[in-house]
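> Next come a sequence and a model predicted from it.
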Amino acid sequence: MDALTLPGNLDALSPIRDYVKAAANTAGLDHTATYNLLLAVDEIATNVIVHGYEEAGLQGDISIAAKNEENRLVIELLDHGKSYDPNLHKEPDDEGLLKELSDRPIGGLGIMLAKDGVDDLQYQSTELENVHRFIVHLKPAAEAAKPAPTPAALDDHGKLEILLRISKSLGLEIRLDPLLQLIVSEVTRAMQAERTTLFLVDRRKPDQLVSRVAEGVGAQEIRVLFGFGIAGTTAKIRQTINIPDAYNDSRFNPVFDKSSGFRTRSILSMPIIDQAGVLIGVVQVLNKKGGVFTTGDEEFLEAICVHLGIALKRAEMVDAYLQSQIVTKSLELAKEIQMGLVPKDFPALPEFKEVDIFATIIPTYEVGGDLYDFFPLDKDRICFIIGDVSDKGIPAALFMAMTRTAFKMSAIASPDAIGPTLGRVNQFLCESNPQQMFVTALAGILDLRTGQVEYADAGHEPPFIVQPSGAVLKVEKVGGIVLGFMPGQEFTSGTMQLNPGDTLVLYTDGVTEAMNVDHELFGAEAIEKTLLRTGHTDSEGTIKALLEDMGSFVGEAHQSDDITMLVIQYRGRGA
């Protein structure tokens, strides 16, 4: 493999791990040997970066190269930092390892783990560079085919090594399946057993266990009901079961043995329970080589189950995070789609010099139920609408899209009067509304020649008119029931007159009902005061002034509703 050179910082660790995995796979290392090599290289690379570069105040590269030579895999780690010789660091002795964590000497465990993970760890330092060599002997094919000899019982030193490897692997591997396979492999080795099976509680069927990693059965899935068999009984009583002779225990179910040809002798079965006391699964170890499972085996398996619980809980959190990211991306896309439905390019309608239009939507969540729209009916008339759906979030956004589309299609198809247009929209929403949502709306048609506005009201907030003199007038409501509530409704229209320079200000109740920390509402009077203070300005300046005053009023309080404003300033024909 070609060598890999990276900046000597912690960001290099991930590509170094990927490189080692690829080299181990090419060399044919098994799963356990690969992870042991990974742990060793990761420990030394971390020390080089932290101690050789960062703490020494140095900068430089770190390189890794792999080669196969004489039935061995050699990984070389090269750096130009301060010398960091692993052989100069004293490893903890057995006495130190058995002490409590608070009394145990600091340092040395990682170096011990690195040395034990490979067949040989060599170090060489010159004026130009430092080189660590990790050597793993490759087994000839004939030797690899031989059955492994029965391992000797692990002492405390060996058990601690396994726990260290598992702990280290939790930091190296975030993917759950490879991590569980490694831990299960370590359990089998630590217990000197023939097989280990990891069962998890099925989320969809919480009274069942389903195998997640089952050695010796390939991809076959094993399901166990709570209370049946040894694993099911372990899950039900949430206690460890240690059976020296399976066929002499009435709880043992021999069906799997009969179908697979495997002969179960001894069983150690233990529940995996998280810190909240919730049962996560069961680990079951079969056939202790050369004897039966001891009390010491139970204690050691219990320590491993702590790591299993951490791995599974972390995986659950990672999965929840990934799902939340998917939801977030979906909401971002929904927001883009929703905002694409309303005009958002300003100045708007540049071909119509008679008007200056500006609008804004600020949803409470990523998407919301407010809407506005404006579009020409012909060269002399512009149609507009502002509305507020009775709900929030995605359901409201979908209903908003339906309302906006139905209104525009209806208005363009029959552009003569605004009342019948709202009537057709209401009928459509009533027929397509199983959730019984509704929309308040105010819509109108502005005649650019005269400034006259024909408008209809569907239970919406009354707009204001700001005159060039700075005077502010509230438009009279003509009355009308909300859209989507009752079929067959007719909507009465009214008229208002805009003179050149007049500004029509429309808004949703997210403005009037904006609430401060004392639960006080901004209100229509505050809108009028802002308009009086601001006086005659362009449409964008009007909205900015309203947002500033509303923001000052609300302060640190959370936004409780979608906020939408549409401002149309009539300049007159020939402006």
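Sure thing, it's come through. Owing to the predicted nature of the structure, the values given are computational and were not obtained by experimental measurement. Residues are numbered from 1 along each chain as shown.
> can you tell me how far Leu532 sits from Ala526?
11 Å (CB to CB, to the nearest Å). For the C-beta atoms, the positions are set from N, CA and C on the backbone; glycine is no exception.
> Same drill for those two, tell me which one is more crowded.
Neighbour totals were compared for Leu532 and Ala526, and Ala526 leads with 17 against 13 (other CB atoms under 10 Å).
> Just the element for the more buried one, please.
Assigned by DSSP states H and E, Ala526 belongs to helix 523-534.
> So which elements touch that helix?
In terms of contacts (3 or more CB pairs under 8 Å, 6 or more residues apart in numbering; DSSP states H and E), helix 523-534 is packed against strand 464-466, strand 472-474, strand 503-507, helix 509-512, helix 539-554.
> Quick one: those as CSV, columns for distance to Arg204 too.
Output for the helices and strands packed on helix 523-534, formatted as CSV (distance: least, CB to CB, whole Å):
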stretch, distance to Arg204
strand 464-466, 56
strand 472-474, 58
strand 503-507, 47
helix 509-512, 40
helix 539-554, 44
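> Please identify which of the ones you listed is closest to Asp202.
Closest of the helices and strands packed on helix 523-534 to Asp202 is helix 509-512, at 44.7 Å (criterion: CB to CB).
> Nearest to Val255, out of the helices and strands packed on helix 523-534?
helix 509-512 (64.0 Å).
> In terms of secondary structure, what does that closest one contact?
helix 523-534, strand 563-570.
> what do you get if the cut-off is 10 Å, keeping everything else the same?
Packing partners of helix 509-512 (3 or more CB pairs under 10 Å, 6 or more residues apart in numbering; DSSP states H and E): strand 355-362, helix 523-534, helix 539-554, strand 563-570.
> Looking at these, which one is packed in the most?
Of the helices and strands packed on helix 509-512, the one with the most neighbours on average (mean count of other CB atoms under 10 Å) is strand 563-570, at a mean of 25.
> thinking in terms of the whole chain, how far from its middle is that strand?
Relative to its parent chain, strand 563-570 has a centroid offset of 37 Å by CA atoms, centre = their mean, to the nearest Å.
> average pLDDT for that strand?
Across strand 563-570, the average pLDDT comes to 96.
> Surely Phe262 touches Glu194?
Yes - assessed by CB atoms under 10 Å, Phe262 is found in contact with Glu194 at 8.5 Å.
> who's more crowded, the two?
Counted by other CB under 10 Å, Phe262 and Glu194 do not tie: Glu194 has more neighbours, with 18 against 14.
> circling back: what residues are shared contacts of Phe262 and Glu194?
Both Phe262 and Glu194 are contacted by 216, 286-287, under the criterion CB atoms under 10 Å, 6 or more residues apart in numbering.
> By pLDDT, give me the weakest of those residues.
The member of the shared contacts of Phe262 and Glu194 with the lowest pLDDT is Gly216, and it reads 71.
> okay but it is in contact with Arg263, surely?
No - contact criterion CB under 10 Å: Gly216 and Arg263 do not qualify, at 11.8 Å.
> got any residues that touch both of those two?
Shared contacts of Gly216 and Arg263, defined by CB under 10 Å, 6+ apart, comprise 194, 286.
> Help me confirm that Ser83 is found in a helix?
No - read with DSSP: H, G, I helix; E, B strand; the rest coil, Ser83 is coil and lies in no helix.
> What confidence value was assigned to it?
On the pLDDT scale, Ser83 gets 87.
> And the one 5 residues further on, by the same measure?
According to the predicted model, the pLDDT of Leu88 comes to 75.
> what sits against it?
Residues counted as contacts of Leu88 (CB under 10 Å, 6+ apart) are 111, 123.
> Any figure for the gap between it and Pro376?
Relative to Pro376, Leu88 is positioned 82 Å away (CB to CB).
> Between the two ends of stretch 442-460, how far is it?
End-to-end distance for stretch 442-460: 6 Å, by CA to CA, to the nearest Å.
> buried stuff in it?
Residues 442-448, 451, 453-460 are the ones in stretch 442-460 that count as buried (16 or more other CB atoms under 10 Å).
> Those: which two are farthest apart?
Using CB to CB, the two most remote members of the buried residues of stretch 442-460 are Leu448 and Gly459, lying 27.9 Å apart.
> my read: Leu225 touches Pro206, true?
No - with contact defined as CB under 10 Å, Leu225 does not count as touching Pro206 (11.2 Å).
> Can you pick out the residue with more neighbours from these two?
Shown here are Leu225 and Pro206; by other CB under 10 Å, Leu225 has more neighbours (14 against 9).
> Report the beta-bridge partner residues of that one.
When assigned by DSSP bridges, Leu225 has beta-bridge partners Gln208.
> What's the separation between it and Gln208?
Per CB to CB, Leu225 is found 6 Å from Gln208.
> Now list whatever residues contact both of those two.
Common neighbours of Leu225 and Gln208 (criterion: CB under 10 Å, 6+ apart): 232, 235.
> and for stretch 241-255, what are the contacting residues?
Contacts of stretch 241-255 with the rest of the structure, by CB under 10 Å, 6+ apart, involve 224, 227-234, 257, 263-271, 282, 284-288, 291-295, 297-298, 301.
> buried subset of those residues?
For the contacts of stretch 241-255, burial is judged from neighbour counts taken by 16+ other CB under 10 Å, and it is met by 224, 228-234, 264, 266-271, 282, 284-288, 293, 297, 301.
> Take those residues and keep only those in strands.
Judged by DSSP state E, the buried ones among the contacts of stretch 241-255 include 224, 267-271, 282, 284-288 as members of strands.
> Generate TSV for those, with distance to Ala24 as supplementary columns.
As requested, these are exported to TSV (distance: CB to CB, whole Å):
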residue	distance to Ala24
Val224	35
Ile267	33
Leu268	31
Ser269	33
Met270	31
Pro271	34
Val282	31
Gln284	29
Val285	27
Leu286	28
Asn287	29
Lys288	30
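> which pair in the residues you listed spans the largest distance?
Greatest spatial distance in those: Val224 and Lys288, 21.4 Å, computed using CB to CB.
> Now Val517: which helix or strand?
Assigned by DSSP H and E, Val517 falls within no helix or strand.
> if I pick the residue nearest to it when sequence neighbours are not counted, what's in contact with it?
Nearest-residue entry for Val517: Ala557, 4.8 Å, with adjacent residues in sequence omitted and distances by CB to CB, 6 or more residues apart in numbering. Ala557 makes contact with 514-520, according to CB under 10 Å, 6+ apart.
> Looks to me like Gly470 is in a helix.
No - the assignment for Gly470 is coil, going by three-state DSSP, so no helix is present there.
> so it touches Glu528, yeah?
No - contact criterion CB under 10 Å: Gly470 and Glu528 do not qualify, at 11.9 Å.
> Can you tell me which helix or strand of this structure has the lowest average pLDDT?
Across the helices and strands of the chain, mean confidence by mean pLDDT, DSSP states H and E is lowest for helix 94-97: a mean of 47.
> Next, work out how far apart the closest residue to Gln435 other than its chain neighbours and Arg251 are.
Closest residue to Gln435 apart from its sequence neighbours, by CB to CB, 6+ apart: Pro395 at 6.5 Å. Going from Pro395 to Arg251 by CB to CB gives 51 Å.
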